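Peer 1: Turn this into a model:
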Amino acid sequence: MVAATLEMLDCWYVDPAVSQDNDKTMLLSKLAILELSGWLEEEFDRLIKNVADKKLNDPKFLKEVIKDSNGFKYDTHWRNMLRKVVGEVVAKRVDLAMEKTHPTELGQLKALLDQLFLARCNFAHANLIANIATQQKFNAPSFTRGQYSQLTSILSHYETILMVEVQKI
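Peer 2: Okay, the predicted model is just below:
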């Protein structure tokens, strides 16, 4: 669903009637980041639910773990949820297996998530005028679509490794 939304935002962004209106293009840029950010939070919730379904029979605890995480930075949000559900040892094994199987991708994932989280916070907690005043960078929705593409590829590899390591518990 987010892929279609990002594609639609990109089409609107390049529409000649819109592309000449700076306010509209900046709003479309903001919306693309916010949409991708929402998808990421849902994606990490989905991943932790899959892990919990395999190894944890405590829906109340899982609900609290998800509720306590409001973001998608790797160490601060995702890895913290993972540690709560499977422990530090398994979380570390997932990181090591990811680095071994797909060198550089874990680092790319962390950097991409940090970059997106910063942009999301800047856009979510300020209006357009404040974003302009602070010289916030507005990337075209096509740039955000590229980030989405990178994320889906890396997260696909990550999920495979995650589930293999969880099965070993």
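Peer 1: quick one, what contacts Lys60?
Peer 2: In this structure, Lys60 makes contact with no residue, judged by Cβ atoms under 8 Å, 6 or more residues apart in numbering. Every residue, glycine included, has its C-beta placed from N, CA and C.
Peer 1: how near is it to Val51?
Peer 2: In this structure, Lys60 and Val51 are separated by 16 Å, where distance is defined by Cβ to Cβ, to the nearest Å.
Peer 1: Okay, and the one residue sitting closest to the centre of the chain sits in which element?
Peer 2: Nearest to the centroid of the C-alpha atoms of the chain, with distances taken as Cα atoms, centre = their mean, sits Leu40, at 3.1 Å. Taking DSSP states H and E as the criterion, Leu40 maps to helix 22-55.
Peer 1: Same question for stretch 68-82: list its buried residues.
Peer 2: Applying a neighbour-count criterion of 16 or more other Cβ atoms under 10 Å, the buried positions in stretch 68-82 are Ser69, Gly71, Phe72, Lys73, Tyr74, His77, Trp78, Arg79, Asn80, Met81, Leu82.
Peer 1: and the third one, helix, strand or coil?
Peer 2: Remark: Phe72 carries the secondary structure label coil [criterion: DSSP: H, G, I helix; E, B strand; the rest coil].
Peer 1: For Leu151, which non-adjacent residue is spatially closest?
Peer 2: In space, not counting the residues next to it along the chain, Leu151 is nearest to Leu112; the distance is 6.4 Å by Cβ to Cβ, 6 or more residues apart in numbering.
Peer 1: just to revisit the earlier point, roughly how far apart are the residue nearest to the centre of the chain and Lys24?
Peer 2: 25 Å.
Peer 1: doesn't Ile48 make contact with Met81?
Peer 2: Yes - counting by Cβ atoms under 8 Å, Met81 touches Ile48, with 4.9 Å between them.
Peer 1: mean confidence score for stretch 125-135?
Peer 2: Along stretch 125-135, the predicted local confidence has a mean pLDDT of 82.
Peer 1: That stretch: how far from the chain's middle?
Peer 2: Using Cα atoms, centre = their mean, to the nearest Å, the mean C-alpha position of stretch 125-135 is found 22 Å from that of the whole chain.
Peer 1: Check stretch 44-57 too.
Peer 2: How far stretch 44-57 lies from its chain's middle: 17 Å, per Cα atoms, centre = their mean.
Peer 1: just stretch 117-130 next, same as before
Peer 2: On the basis of Cα atoms, centre = their mean, stretch 117-130 sits 16 Å off its chain's mean C-alpha point.
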